[in-house]
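Asks: what would the 3D arrangement of this be:
(2 chains)
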Amino acid sequence: DVKVTQSSRYLVKRTGEKVFLECVQDMDHENMFWYRQDPGLGLRLIYFSYDVKMKEKGDIPEGYSVSREKKERFSLILESASTNQTSMYLCATKRRDPPYEQYFGPGTRLTVT
Amino acid sequence: DQQVKQNSPSLSVQEGRISILNCDYTNSMFDYFLWYKKYPAEGPTFLISISSIKDKNEDGRFTVFLNKSAKHLSLHIVPSQPGDSAVYFCAASANTGNQFYFGTGTSLTVIP
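Replies: All right, here's what the predicted structure looks like:
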């Protein structure tokens, strides 16, 4: 059974802190994604990675960076957390070949105070 | 600019009746469409997909219809069940690529 895990379900951080969100998958999928979900805005892509050490910006990369040192792990980094980064963060994976659906983790609810 | 739109934030349907969720898109390059279901405190789960070479795809109680000329797709759930109550997202991609564009979601409530 496909599994995507995220390091925390809930996280509270202070403005200016550096925040690490970790995502681990056990499906050997090449592609991994980070989204944020906000009311009225749906899911918006922050970054994705199609291979180890490879990354591409999504629609809203500002204020974020990512790291993919191993195939199974994709980290999202908030260099200096701000209150407008309070959101639900979702990690997802996808095979390079068909079928094209994404598998999502349970999400991390991040609150920046 | 939102390339995928779900104009109904919420929908209520009686158990046993049909639920119809709608999705519109603006980018004519989109050629692969998916629907996901999301329960509270969980990540979205894949429900059904359709390629632009088809106009209909069916999986059990779920059917997705694609109208390319109108840039519109819809998800039909028949019969609706209380367990279908969730937020439904449509998503689209071009050339089955890596970037998927999601709609804002429709919250479906199925009333027993």
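Asks: chain neighbours aside, what residue packs nearest to residue 104?
Replies: Chain wasn't specified; assuming chain A. Excluding the flanking residues, the one nearest A:F104 by C-beta to C-beta, 6 or more residues apart in numbering or on different chains is B:G43, at 3.1 Å. (Each C-beta comes from the backbone N, C-alpha and C, glycine too.)
Asks: you looked at the wrong chain, it should be chain B
Replies: Nearest to B:T104 is A:G42, by C-beta to C-beta, 6+ apart, at 4.0 Å.
Asks: do B:E42 as well
Replies: Distances taken as C-beta to C-beta, 6+ apart put A:P106 closest to B:E42, at 5.7 Å, once the chain neighbours are dropped.
Asks: give me the neighbour count for whatever residue of chain B ends up closest to chain A.
Replies: Closest contact between chain B and chain A, by C-beta to the nearest C-beta, is at B:G43 (3.1 Å). The criterion is other C-beta atoms under 10 Å in any protein chain shown. On that basis, B:G43 has 21 neighbouring residues.
Asks: could you check the pLDDT of it?
Replies: pLDDT, B:G43: 93.
Asks: please apply the same query to B:K68.
Replies: 95.
Asks: quick one: buried residues of the helix or strand encompassing A:V24?
Replies: Using DSSP states H and E, A:V24 sits within strand A:19-25. By neighbour count on 16 or more other C-beta atoms under 10 Å in any protein chain shown, the buried set for strand A:19-25 is A:19, A:21-25.
Asks: same deal with stretch B:59-70?
Replies: B:62-66.
Asks: relative to B:F33, how far out is A:V19?
Replies: A:V19 sits 33 Å away from B:F33, taking C-beta to C-beta, to the nearest Å as the criterion.
Asks: ah, wrong one, I meant A:K57
Replies: In terms of C-beta to C-beta, A:K57 sits 23 Å off from B:F33.
Asks: between those two, which has more neighbouring residues?
Replies: B:F33 (24 against 13).
Asks: beta partners of the more buried one?
Replies: Taking DSSP bridges as the rule, B:F33 bridges to B:I50, B:A92.
Asks: also A:L110?
Replies: A:L11, A:S87.
Asks: still on that earlier bit, so which elements touch the very next helix or strand once past the strand holding A:V24?
Replies: Per DSSP H and E, strand A:19-25 leads on to strand A:31-38 as the next helix or strand towards the C-terminus. With contacts defined as 3 or more C-beta pairs under 8 Å, 6 or more residues apart in numbering or on different chains; DSSP states H and E, strand A:31-38 has these neighbours: strand A:19-25, strand A:42-51, strand A:64-70, strand A:73-78, strand A:87-94.
Asks: so what's the gap between the helix or strand just after the longest one and the chain middle?
Replies: Moving toward the C-terminus from strand A:42-51, the next helix or strand (DSSP H and E) is strand A:54-57. Taking the mean C-alpha point of strand A:54-57 and that of its whole chain, the gap between them comes to 12 Å (C-alpha atoms, centre = their mean, to the nearest Å).
Asks: circling back: do you know the pLDDT at the residue nearest to B:T104?
Replies: 89.
Asks: near it, how many other residues are there?
Replies: Neighbours of A:G42 (other C-beta under 10 Å): 22.
Asks: on that earlier part again, for the strand holding A:V24, C-alpha coordinates in PDB please.
Replies: Below are the C-alpha coordinates for strand A:19-25, written out as PDB (Å, rounded to 0.1, in the frame of the first residue of the first chain):
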ATOM      1  CA  VAL A  19      11.100  25.700   9.700                       C
ATOM      2  CA  PHE A  20      11.700  22.200   8.200                       C
ATOM      3  CA  LEU A  21       8.800  20.100   6.900                       C
ATOM      4  CA  GLU A  22       9.800  16.600   6.000                       C
ATOM      5  CA  CYS A  23       8.100  14.200   3.700                       C
ATOM      6  CA  VAL A  24       9.000  10.500   3.200                       C
ATOM      7  CA  GLN A  25       7.500   8.100   0.600                       C
END
